[in-house]
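Student: turn this into a structure:
(2 chains)
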Amino acid sequence: MEKPEKLIVDGRRLDGRAPDELRPLKIKAGVLERADGSAYVELGNNKVFAAVYGPREMHPRHDQQPDAAVLRCRYSMAPFSVEDRKKPGPDRRSMEISKVTKEALEPVLFLELYPRSVIDVFIEVLQADAGTRTAGINAAAVALADAGVPMRDLVSSVAVGKVEDTIVLDLIKEEDQFGTTDMPVAIIPRKKAITLLQMDGHFTKEEFKQALDLAFRGCEKIYEVQRQALKEKYAIKESG
Amino acid sequence: MIYVQNREIVVPGQLIAEGNYRHLEGSFREGDRIYSAVVGLADIKGDKVRVIPLQGRYVPRVGDLVIGVVIDTHSSGWILDINSPYTANLFVSELVHRKVDLNKEDISKFLKIGDVVLAAVKEVDEYMRVLLETPERGMGRIEGGKLVEISPAKIPRVLGRKGSMLKVIESKTGCTLAVGQNGRIIVWGDDPRMVNLAVEAILMIEREAHTSGLTDRVALMLEGGKSEGK
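Tutor: The predicted model follows:
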């Protein structure tokens, strides 16, 4: 990928968005027949599936927790999801993302209702264009709700960053690569509690506050789409 | 103060009520407010708030009627899959209603792996270890019939209010049904066509569980199916 001359021209980004604008977002719940719960998320050029299995019996047995369910997450990128073929299988990056995804989702689940069991979440990235971990969290939250797992709230997630001294929402690949900062954030929208916050690059204190505020506003919008996706699955279709 | 309409579809984290209400299944309280914990239909009766779930695994509760499949045996009983995150245990003495001398009797003559068993949940402890019993006639090993598996969250609709839906299916098809709370249903009948029709009705209920006026539509479908091909 070559560096574009300018990432922001006249207040518009490479794909024509304003700095505080999300990419087009589409979420569909209950897309996989064999999973207990599933969701498909399209955020711009990101295409992500999440599948939830469980609560089910935990294997291996010694990983069971006697008083609560265990949440297991696996984030994985398809070999064809990026420009240069990605070697399949877990690597350093995907294991890190699996771990932070698990920790981002755990606080909303009533795990104590299902002692000794496990809830498996599989996130599969089919097409990547920066922000796949946030898209994965959004999909996983909808898939968990679709599986009927009791939750305190959904989890919504988006990345913010700094590109040519402008704070922007929801970075695309070029902005992620040639921008100054990328900061994925996941929140519990109802409580305004942060469950994931990573940062690559640097912000001043003021910029950080501004960026976090922007992330919260982005998450609110995503939260609304997530809720709609769940309700739509059961919307009564006009019989005709 | 109620924030949703009765029977409205709610999602996790959605505010349902504020103030002096009692929260039942599918909802939780935070301070003064009651929120939904699952995707489901809000059900408000008097001061009781609950959410009828539309999805979810079966969690065993004492007294539930369940249909299990034997997956393993041990020295004094069997381990059954009850379509839940947890397996259940059935002891020989609970199955045959007498003391069995394990040294003298071979228990493999009672149940084999793969057998289907109708039983009631006798005990569930805090670690979700489940014990089954077969106190009533007709419980125990099942012979014949067709086994249907649907989402356990939809079993209440198959039964209907005070068993009304079940009565409709049984009377229209002439079949006998055993409905387990764990999402498994056994259909017995002499006419295979009628058995298939009853299965069709169950699957239709599963698909349309969240809609209203379902009993009438099922009755209509069964009537149509009966006259077809005659």
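
Student: which residues does residue B:80 form beta bridges with?
Tutor: Residue B:80 has these beta-bridge partners by DSSP bridges: residue B:70, residue B:88.

Student: all helices for chain B, in order.
Tutor: B:92-96, B:155-159, B:164-173, B:192-207, B:214-227 (DSSP state H).

Student: dump the ones you listed to a markdown table, plus distance to residue A:87.
Tutor: Heads up, the C-betas are built off the backbone N, CA and C, glycines and all. Output for the helices of chain B, formatted as a markdown table (distance: least, CB to CB, whole Å):
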| stretch | distance to residue A:87 |
| --- | --- |
| helix B:92-96 | 54 |
| helix B:155-159 | 46 |
| helix B:164-173 | 54 |
| helix B:192-207 | 42 |
| helix B:214-227 | 51 |
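
Student: who wins for proximity to chain A among these?
Tutor: Comparison of these against chain A by CB to the nearest CB identifies helix B:214-227 as nearest, at 10.0 Å.

Student: can you give me the buried ones in the closest one?
Tutor: B:214-215, B:217-219, B:222, B:225 (16 or more other CB atoms under 10 Å in any protein chain shown).

Student: quick check: which ranges of the chain have low pLDDT?
Tutor: By default, I'm working from chain A. For chain A, applying pLDDT under 70 flags the ranges A:236-240.

Student: that was the other one, I meant chain B.
Tutor: The model of chain B has pLDDT under 70 over residues B:229-230.

Student: export the helices of chain B to a markdown table and tack on distance to chain A?
Tutor: As requested, the helices of chain B are exported to a markdown table (distance: least, CB to the nearest CB, whole Å):
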| stretch | distance to chain A |
| --- | --- |
| helix B:92-96 | 22 |
| helix B:155-159 | 13 |
| helix B:164-173 | 19 |
| helix B:192-207 | 11 |
| helix B:214-227 | 10 |
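
Student: interface residues of chain A facing chain B?
Tutor: Within chain A, the positions lying close to chain B (CB under 8 Å from any CB of the partner chain) are A:36-37, A:54-57, A:66-67, A:69, A:108, A:110, A:113-117, A:145-154, A:189-190, A:227, A:230-231, A:233-236.

Student: quick one, which of the residues you listed are buried?
Tutor: In the residues of chain A next to chain B, burial by neighbour count holds for A:36-37, A:54-56, A:69, A:108, A:110, A:114-117, A:145-154, A:189-190, A:227, A:230-231, A:233-234, counting by 16+ other CB under 10 Å.

Student: in strands only, show me the residues of chain A next to chain B.
Tutor: Among those, the members falling in strands are A:37, A:54-57, A:117 (criterion: DSSP state E).

Student: for chain A, which segments count as strands?
Tutor: So, for chain A - with DSSP E - the strands run A:8-9, A:12-13, A:25-29, A:37-43, A:46-57, A:70-77, A:117-127, A:156-163, A:166-169, A:181-188, A:193-197.

Student: the fourth one pairs with which strands?
Tutor: It refers to strand A:37-43. strand A:25-29 (antiparallel), strand A:46-57 (antiparallel).

Student: what does the first one give?
Tutor: Paired strands of strand A:8-9, with direction, are strand A:12-13 (antiparallel) (DSSP bridges).

Student: apart from its neighbours in sequence, what residue is nearest residue A:123?
Tutor: residue A:136 (4.0 Å; CB to CB, 6 or more residues apart in numbering or on different chains).

Student: what about residue A:187, distance to residue B:155?
Tutor: Counting by CB to CB, to the nearest Å, the gap from residue A:187 to residue B:155 is 36 Å.

Student: circling back: might you report the residue contacts of the residue nearest to residue A:123?
Tutor: By CB atoms under 8 Å, 6 or more residues apart in numbering or on different chains, the contact list for residue A:136 reads A:41, A:48, A:50, A:75, A:97, A:101, A:123, A:125.

Student: which pair of those residues spans the longest distance?
Tutor: Maximum pairwise distance among the contacts of residue A:136 (CB to CB): 15.0 Å, between A:41 and A:97.

Student: now do the same contact list for the residue lying closest to residue A:229 once chain neighbours are set aside.
Tutor: Using CB to CB, 6+ apart and skipping the chain neighbours, the partner closest in space to residue A:229 is residue A:27 (4.0 Å). The neighbours of residue A:27, taking CB under 8 Å, 6+ apart as the test, are A:39-42, A:138-139, A:142, A:225-226, A:228-229.

Student: can you check residue A:209 too?
Tutor: Residue A:209 touches nothing, counting by CB under 8 Å, 6+ apart.

Student: nearest spatial neighbour of residue A:184, chain-adjacent residues omitted?
Tutor: residue A:159 (4.4 Å).

Student: what residues are up against the residue nearest the centre of chain B?
Tutor: Computing the C-alpha centroid of chain B and ranking residues by CA atoms, centre = their mean puts residue B:181 first, at 1.8 Å. Applying CB under 8 Å, 6+ apart to residue B:181 gives the contacts B:58, B:61, B:64-66, B:152, B:155.
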